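>>> Let me see the structure of the following:
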Amino acid sequence: VMRLMAMELAYADLVAVAFDFRGHGRSGGDINAFADTMQPQYLLQGEDPALAFTFGFLARDIRAVKKYLEHRGDIDTANLGYVGYSMGGGAGFAQLKNDDDFRAMVGVAPAPDFRQADRVHPRNLLIIYARFDEVIHYGSVLRIMQKRTGVAAERIEPYRLYGSFAQGTAARLYIDPYTEHLLAPWDWDFVRETRDWMVNSLLGQEARPGSDAHPLLILMLLLQVVGAMGLFFALLGPLLDRLSIPAAHKVVPPEILDKHALTDIIKSAVIHILVLAFPCMLLALPLLLLPMAFSALEVMLIFGPGCALILHVRRLFNEENLGIRDIYERAFTNTNRANLAAGLGIGALFYLLLHLSPGRVFSLVPGVTRLVWVPFIFAAVAFSLLNIAIFLQGVIQERICRENKSIKQVLKAGLFLYLLLFAAVTFIMIVPCIVTQRYIVLMLFIPAIILLLPVAFVSAYIYSRSGDVVMVALVNAVFMTAFFCTMSPMAWGP
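Residues are numbered from 1 along each chain as shown. Modelled structure (predicted):
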């Protein structure tokens, strides 16, 4: 996520090195470090959750990059700067507290480890904070500024420059009133402030016009996404015609659907989600034993609603003296090996195209140290998505497209399915935040609502051509598993 910022720094005549911390992106390394360094007393004391972790183990990665620059021979390693986002900010505080080769630090929505700050370190410190940050407490940020400047926290003035660049004592707090944690590295104001701070600290120059290419790069990224999705849908029809076999029957018998109005079905589904989604999430708790805890939490967000919806479908089946076993039997007897292979292949193509477009910026690939655990996450995701597909495609889409299967009606069904998914995800994420008064889960809200848009339309289109809910589930499971395992920050295990 820091690559676009690195491009802007490079344009300002600075050597920028973007790297993946251990256990992230394409880096290997110890993924149990959080378990070894966790200090739960901070959680029990109601402190900032970020303080429950120390980041000294990640400082080793910063030192490794520094050593690489020393071996190059063309870098002044006594005049370094560090830009760290979120967890990377915490690592920066840990390294720079004793390393005077770093003459500047920018913490972008940083893990606010004020224990590592003092009147001298980090040198020339700029803290960038998002007003609606769901992860970082503003009070902890003020405590960093208090220790760094000697000014009481309640008297810290945002945007004011304390100290001087020449003496290495410059410190400033910059706040954007309109953004939040996940979007912080993409905020143009943040990128510009970071560039100007580094130019002033490392080159001794006043802020100067940069490339201003960041908005253009964001636009190009969006165009890549649109192009990738356009290419995917252009290939999807021919692939389905060539590789898949249309289902012989519907997973939900028409006589069951005929007994209920669409509005009544949706109302009953909403009640099931309201009552059962959170209890059903507890069934996925064993996934937390894997060293992929954050990915497990992401899976639980779809596991609970998926189980609630399949129980709703079972209620419909009970009216015909059929049970939950009959639901799955109909789903799996409705598919075949060709469709299973096609589902996995199309899902891989879906993932590959996104990896080659926005994934080039986001490093949309699971860390290599996580690959052994991916099958467990995939199984849970596929099960959850199958339950969801049985309801959304087998019930809702069938009702919407029964009389009219035109592409326009399929698009209408896709939009309707997206709105249902949007409402369910909003409920699942907001309720725990309100109850616990902790809003870290909302960090996933923006990627979730973006992710669900292609998922809804891809699902609607594939089902309209194949009538196979298992195939729909597999296509989405491949992509969403890779997404969950990529978006998971440093994972920890038992």
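>>> only C-alpha atoms for contact and neighbour calcs from this point on.
OK.
>>> helix or strand right after the worst-scoring helix or strand of the chain on mean pLDDT?
In the chain, no helix or strand scores lower on mean pLDDT, DSSP states H and E than helix 41-44, which sits at a mean of 44. Remark: after helix 41-44, the chain's next helix or strand is helix 56-72, criterion DSSP states H and E.
>>> Pull the residues that contact that following helix.
Around helix 56-72, the neighbours that count as contacts under CA atoms under 8 Å, 6 or more residues apart in numbering are 21-22, 33, 75, 77, 91-92, 94-95.
>>> if you set the cut-off to 10 Å instead, what comes out?
15, 17-22, 29-30, 33-34, 36-37, 75-78, 80, 82, 87-88, 90-96, 99, 101-102 (CA atoms under 10 Å, 6 or more residues apart in numbering).
>>> Out of those, list just those in strands.
When strands are assigned by DSSP state E, the members of those inside them are 80, 82, 102.
>>> Return the residues in contact with the nearest residue in space to the last one that is not next to it in sequence.
Closest residue to residue 102 apart from its sequence neighbours, by CA to CA, 6 or more residues apart in numbering: residue 80 at 4.4 Å. Listed by CA under 10 Å, 6+ apart, the contact partners of residue 80 are 14-15, 66, 69, 100-105, 198, 201-202.
>>> among those residues, which ones are buried?
14, 66, 69, 100, 102-105, 198, 201-202 (16 or more other CA atoms under 10 Å).
>>> In a markdown table: those, plus distance to residue 400 and pLDDT.
Shown next, in a markdown table, are these (distance: CA to CA, whole Å; pLDDT from 0 to 100):
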| residue | distance to residue 400 | pLDDT |
| --- | --- | --- |
| 14 | 57 | 91 |
| 66 | 59 | 94 |
| 69 | 60 | 93 |
| 100 | 65 | 92 |
| 102 | 61 | 95 |
| 103 | 62 | 95 |
| 104 | 59 | 95 |
| 105 | 55 | 96 |
| 198 | 56 | 94 |
| 201 | 61 | 94 |
| 202 | 61 | 93 |
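>>> Now render the residues you listed as TSV, adding distance to residue 272.
Below are those laid out as TSV (distance: CA to CA, whole Å):
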residue	distance to residue 272
14	56
66	54
69	57
100	58
102	55
103	57
104	53
105	50
198	53
201	57
202	58
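>>> Return the closest of these with respect to residue 418.
residue 105 (41.7 Å; CA to CA).
>>> Just say helix, strand or coil for the closest one.
Three-state call for residue 105 (DSSP: H, G, I helix; E, B strand; the rest coil): strand.
>>> isn't it right next to residue 88, touching?
No. Residue 105 lies out of contact with residue 88 (CA atoms under 10 Å); the separation is 11.3 Å.
>>> residues shared between the contacts of those two?
Shared contacts of residue 105 and residue 88, counting by CA under 10 Å, 6+ apart, come down to residue 82.
>>> where are the low-confidence patches of this protein?
Applying pLDDT under 70 to the chain picks out residues 1, 23-54, 207-214, 358-370, 437-438, 486-494.
>>> So which residues of it form strands?
Using DSSP E, strands in the chain cover 80-85, 102-108, 125-130, 171-176.
>>> For residue 402, find the nearest of those.
Evaluated over these, closeness to residue 402 peaks at strand 125-130, with 47.4 Å, by CA to CA.
>>> from the chain's centre, how far out does that closest one sit?
Computed by CA atoms, centre = their mean, to the nearest Å, the separation of strand 125-130 from the middle of its chain amounts to 22 Å.
>>> partners of that strand, with directions?
strand 102-108 (parallel), strand 171-176 (parallel) (DSSP bridges).
>>> now the angle from it to strand 80-85?
With axes from the mean of the first three to the mean of the last three CA atoms, to 10 degrees applied, the angle from strand 125-130 to strand 80-85 works out at 20 degrees.
>>> Tabulate the contacts of residue 80 (TSV), appending distance to residue 228.
Shown next, in TSV, are those (distance: CA to CA, whole Å):
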residue	distance to residue 228
14	32
15	31
66	37
69	36
100	45
101	43
102	40
103	42
104	39
105	36
198	35
201	40
202	39
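>>> on that earlier part again, tell me the one of the ones in strands among the contacts of helix 56-72 nearest residue 159?
When the ones in strands among the contacts of helix 56-72 are compared against residue 159 (criterion: CA to CA), the nearest one is residue 82, at 19.9 Å.
>>> Show the contacting residues for the closest one.
Contacts of residue 82 by CA under 10 Å, 6+ apart are 16-17, 62, 88-89, 92-93, 95-96, 102-107, 122, 125, 198.
>>> The same query, at a cut-off of 8 Å, please.
92, 102, 104-106.
>>> And residue 166, by the same measure?
201, 204.
>>> Now it: phi and psi?
phi -60, psi -40 (degrees, to the nearest 10).
>>> Report the separation between residue 62 and residue 356.
Going from residue 62 to residue 356 by CA to CA, to the nearest Å gives 28 Å.
>>> Looking at these two, which is more packed in?
Just comparing residue 62 and residue 356: by other CA atoms under 10 Å the higher neighbour count belongs to residue 62, 20 against 15.
>>> Tell me how far the more buried one lies from residue 82.
Residue 62 is 9 Å from residue 82, by CA to CA.
>>> Residue 162 now?
For residue 162 relative to residue 82 (CA to CA), the value is 19 Å.
>>> Helices of the stretch 351-494 of the chain, start to end?
Ranges of helices within the stretch 351-494 of the chain are 359-362, 374-391, 398-401, 407-436, 445-466, 469-487, based on DSSP state H, counting those that start in this stretch.
>>> What helices and strands are in contact with the second one?
Which is helix 374-391. For helix 374-391, the contact count by 3 or more CA pairs under 8 Å, 6 or more residues apart in numbering; DSSP states H and E identifies helix 293-318, helix 469-487 as packing neighbours.
>>> Please compute how far the last one lies from its chain's middle.
Spelled out, that is helix 469-487. How far helix 469-487 lies from its chain's middle: 14 Å, per CA atoms, centre = their mean.
>>> Tell me how many other residues surround the nearest residue in space to residue 199 that is not next to it in sequence.
In space, residue 199 comes closest to residue 205 once its chain neighbours are excluded; the distance is 6.0 Å by CA to CA, 6+ apart. Number of residues near residue 205 (other CA under 10 Å) recorded here: 12.
>>> Residue 196 versus residue 205, what's the distance?
Using CA to CA, residue 205 is found at 9 Å from residue 196.
>>> rewinding a little: just the buried ones from the contacts of helix 56-72, in PyMOL syntax?
Buried members of the contacts of helix 56-72, defined by 16+ other CA under 10 Å, are picked up in PyMOL with:
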select buried, resi 17+20+21+22+33+34+80+82+87+88+90+91+92+93+94+95+96+102
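>>> out of the strands of the chain, nearest to residue 152?
strand 171-176 (13.8 Å).
>>> got the CA coordinates for that closest one in PDB?
Extracted C-alpha coordinates of strand 171-176, given in PDB (Å, rounded to 0.1, in the frame of the first residue of the first chain):
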ATOM      1  CA  ALA A 171       7.800  17.700  15.300                       C
ATOM      2  CA  ARG A 172       4.300  18.100  13.800                       C
ATOM      3  CA  LEU A 173       0.900  16.600  14.000                       C
ATOM      4  CA  TYR A 174      -1.100  16.700  10.800                       C
ATOM      5  CA  ILE A 175      -4.800  15.700  10.800                       C
ATOM      6  CA  ASP A 176      -7.100  15.000   7.900                       C
END
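>>> quick one: buried residues of it?
Judged by neighbour count (16+ other CA under 10 Å), strand 171-176 contains these buried residues: 171-175.
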